[in-house]
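Asks: Here is my input, please return the structure:
(one chain, ligands or ions: 2)
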Amino acid sequence: MTRFGKHAALHVWTMEPFNAESPPRLLLESLVTPAERFYVRNHGDVPEVNAASYRLAVGGNLARPLELALEDLTERFARVTVEATLNCAGNRRSQLIEVAPIPGEVPWRDGAIGTGSWTGARLGDVLAAARVDPGARHVSFVGLDEVEADGHVVNFGGSIPLAKALHPETLLAYALNGAALPPVHGFPVRLLVPGYIGARSIKWLSTITVQANPSTNYFQTRAYKLFPPSARPETVDWDKGVMLGEMPLNAVICRPGHGETVPRGEALVEGWAIAGGDRLVARVDVSRDGGESWHEAELTDANRAWTWCFWRTRLELEPGPCELVVRARDSAADTQPEDPAKIWNLKGYVNNAWHRVRITVAPS
Ligand SMILES: Nc1nc2c(c(=O)[nH]1)N[C@H]1C(S)=C(S)[C@@H](COP(=O)(O)O)O[C@H]1N2
Ligand SMILES: [Mo]
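Replies: Numbering: from 1, shown residues only. Ligands and ions are numbered 1, 2, ... in the order given. Model prediction:
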């Protein structure tokens with residue numbers, strides 16, 4: 001156990017703020033990730049929140065503004081449980097950094113992802129009680145944590161389209177895996193936006209505002225935007241760029257790991273795959289020759305919206321150096337880009353290039 005009750009095998013990138021990811025093998029042990037193995041992505045200190053005096057303000061373009069105590073959320077609204085994978089937009093950034101440097105960002109490998117069984121009130125139920133005005137299009141959220149951004153102290157925040165806010169999977173979550181939300185994951189209440197980048201699942205929620213436009217928070221208008229590979233920090237126009245929402249399709253090989261030596265013959269290759277939005281993983285292909293030829297892998301569990309699925313295949317491996325590659329296809333027939341250089345972007349977001357693992361196959 002390390003800080004915040006995390007498993008000792010987690011790789012801690014920074015202590016302040018606390019940022020840590022799970023090794024791929026540990027993730028593969030269960031479809032629902034135990035809290036102590038769940039990655040942490042913080043931009044500031046973990047706020048200490050008193051549950052008794054906590055209030056969540058719901059305002060903006062609506063008829064009945066609300067101020068909800070934790071007990072209001074747990075008792076007045078239906079208690080709903082949703083299994084959903086949280087995936088950081090910066091997950092797999094390290095592979096983009098191999099293309100060109102991305103200074104000032106956490107160099108996540110592939111473990112900034114985890115699946116929780118989240119319990120809470122539907123955001124849609126709360127917004128129905130508040131009676132949203134026609135004409136509202138976005139819902140914006142602010143957390144209690146204070147973050148240093150561009151020389152200013154701001155609260156972490158962001159927004160999602162009203163339509164997504166009203167979908168039944170979008171929760172004001174107060175429990176993770178059957179226990180109260182741990183402080184580091186947003187106690188007492190966090191937003192859960194399945195299918196979206198992790199950054200939109202705002203922790204330690206303080207206010208919810210229904211409005212006509214997206215949030216003007218730094219983390220909506222400046223960070224978590226996608227720029228083309230040609231954009232450079234010195235010259236980029238921050239007003240341009242695509243605000244990130246739904247995650248793209250992705251797949252990772254968890255076993256064998258980079259640099260491992262495996263015996264010749266049949267090897268078990270395993271990992272996870274996840275489709276963005278409400279799409280499903282339709283197929284996973286694995287290559288043992290750097291992407292020349294492909295073998296369809298078996299999906300080992302019911303493949304449901306909002307959650308990753310695990311896959312596995314057995315491949316005959318010849319002695320010598322070997323490059324394993326994975327790529328998936330989703331229910332919208334979309335697939336992943338081959339080359340990380342083509343999707344490199346200055347903040348290093350949403351890398352979903354083919355995942356490659358170089359191993360050595362021993363002679364006998
Ligand atoms: N208030 C607040 N919410 C936040 C963040 C944050 O720093 N502050 N980080 C976001 C990001 S970038 C991610 S990926 C997820 C991580 O959630 P976790 O730490 O519970 O795994 O929380 C999101 N919500
Ligand atoms: Mo993130």
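
Asks: What's the per-residue pLDDT of residue 248 here?
Replies: Model confidence at residue 248, given as pLDDT, is 97.

Asks: Looking at the stretch 251-364 of the chain, which residue is nearest ligand 2?
Replies: Using Cβ to the ion, the closest approach of the stretch 251-364 of the chain to ligand 2 is made by residue 349 at 8.8 Å. Where C-beta positions appear, they are placed from N, C-alpha and C, glycine not excepted.

Asks: burial of that residue, as a residue count?
Replies: Counted with other Cβ atoms under 10 Å, the neighbours of residue 349 add up to 26.

Asks: Okay, and the beta partners of the spatially most central residue of the chain?
Replies: Centrality entry for the chain: nearest residue to the mean C-alpha point is residue 87, 1.5 Å, by Cα atoms, centre = their mean. Counting by DSSP bridges, residue 87 forms beta bridges with residue 113.

Asks: Next up, the contacts around it.
Replies: Contact analysis of residue 87 by Cβ atoms under 8 Å, 6 or more residues apart in numbering lists 112, 113, 197, 198, 247, 250, 274.

Asks: from what I can see the residue of the stretch 251-364 of the chain closest to ligand 2 touches residue 92, true?
Replies: No: the pair residue 349 / residue 92 is not scored as a contact, 9.8 Å apart, by Cβ atoms under 8 Å.

Asks: Next one: stretch 42-57, is it in contact with ligand 1?
Replies: Yes: residues of stretch 42-57 are located near ligand 1 by Cβ under 6 Å from any ligand atom, namely 42, 43.

Asks: Neighbours of the residue of the stretch 201-350 of the chain found nearest ligand 1, how many?
Replies: With Cβ to the nearest ligand atom, the shortest gap between the stretch 201-350 of the chain and ligand 1 falls at residue 203, namely 3.6 Å. Using other Cβ under 10 Å, residue 203 is surrounded by 25 other residues.

Asks: Just give the closest residue to it, not the sequence neighbours.
Replies: Counting by Cβ to Cβ, 6 or more residues apart in numbering, residue 203 lies nearest to residue 186, which is 3.1 Å off, once chain neighbours are set aside.

Asks: With residue 361 instead?
Replies: Closest residue to residue 361 apart from its sequence neighbours, by Cβ to Cβ, 6+ apart: residue 317 at 4.5 Å.

Asks: So what sits opposite that neighbour in the bridge?
Replies: Residue 317 has these beta-bridge partners by DSSP bridges: residue 265.

Asks: Looks like it contacts residue 268 (just checking).
Replies: No: between residue 317 and residue 268 there is no contact under Cβ under 8 Å: 10.6 Å.

Asks: So for those two, which residue has more residues nearby?
Replies: The residue with more neighbours, out of residue 317 and residue 268, is residue 317; 21 against 11, by other Cβ under 10 Å.

Asks: wait, isn't residue 61 in contact with residue 211?
Replies: Yes: in terms of Cβ under 8 Å, residue 61 counts as a neighbour of residue 211; the distance is 5.9 Å.

Asks: Can you pull the residues of the stretch 101-250 of the chain lying near ligand 2?
Replies: 198, 199 (Cβ under 5 Å from the ion).

Asks: Write out the residues of the stretch 101-250 of the chain neighbouring ligand 1.
Replies: When proximity is defined by Cβ under 6 Å from any ligand atom, the stretch 101-250 of the chain lies next to ligand 1 at 143, 145, 156, 185, 198, 199, 201, 202, 203, 204.

Asks: doesn't the residue of the stretch 251-364 of the chain closest to ligand 2 fall inside a strand?
Replies: No: residue assignment for residue 349, taken from DSSP: H, G, I helix; E, B strand; the rest coil, gives coil, which places it outside any strand.

Asks: in the chain, what spans have low per-residue confidence?
Replies: 1 (pLDDT under 70).

Asks: in which helix or strand would I find the closest residue in space to residue 278 that isn't next to it in sequence?
Replies: By the measure of Cβ to Cβ, 6+ apart, the closest residue to residue 278 outside its immediate chain neighbours is residue 305, 4.5 Å from it. Mapping residue 305 onto the secondary structure by DSSP states H and E places it in no helix or strand at all.

Asks: Residue 305: neighbour count?
Replies: Using other Cβ under 10 Å, residue 305 has 15 other residues around it.

Asks: can you pull the contacts of it?
Replies: Shown in contact with residue 305 (Cβ under 8 Å, 6+ apart): 169, 194, 195, 275, 278, 279, 280.

Asks: how does it look with 10 Å?
Replies: Residue 305 is in contact with 83, 84, 169, 194, 195, 275, 277, 278, 279, 280, 331, counting by Cβ atoms under 10 Å, 6 or more residues apart in numbering.

Asks: For the chain, which segments count as helices?
Replies: 24-27, 70-76, 93-97, 123-130, 162-166, 218-221 (DSSP state H).

Asks: Dump those helices to JSON lines, plus mean neighbour count.
Replies: Conversion of the helices of the chain to JSON lines gives the following (neighbours: other Cβ atoms under 10 Å):
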{"stretch": "helix 24-27", "mean neighbour count": "20"}
{"stretch": "helix 70-76", "mean neighbour count": "16"}
{"stretch": "helix 93-97", "mean neighbour count": "21"}
{"stretch": "helix 123-130", "mean neighbour count": "19"}
{"stretch": "helix 162-166", "mean neighbour count": "18"}
{"stretch": "helix 218-221", "mean neighbour count": "20"}
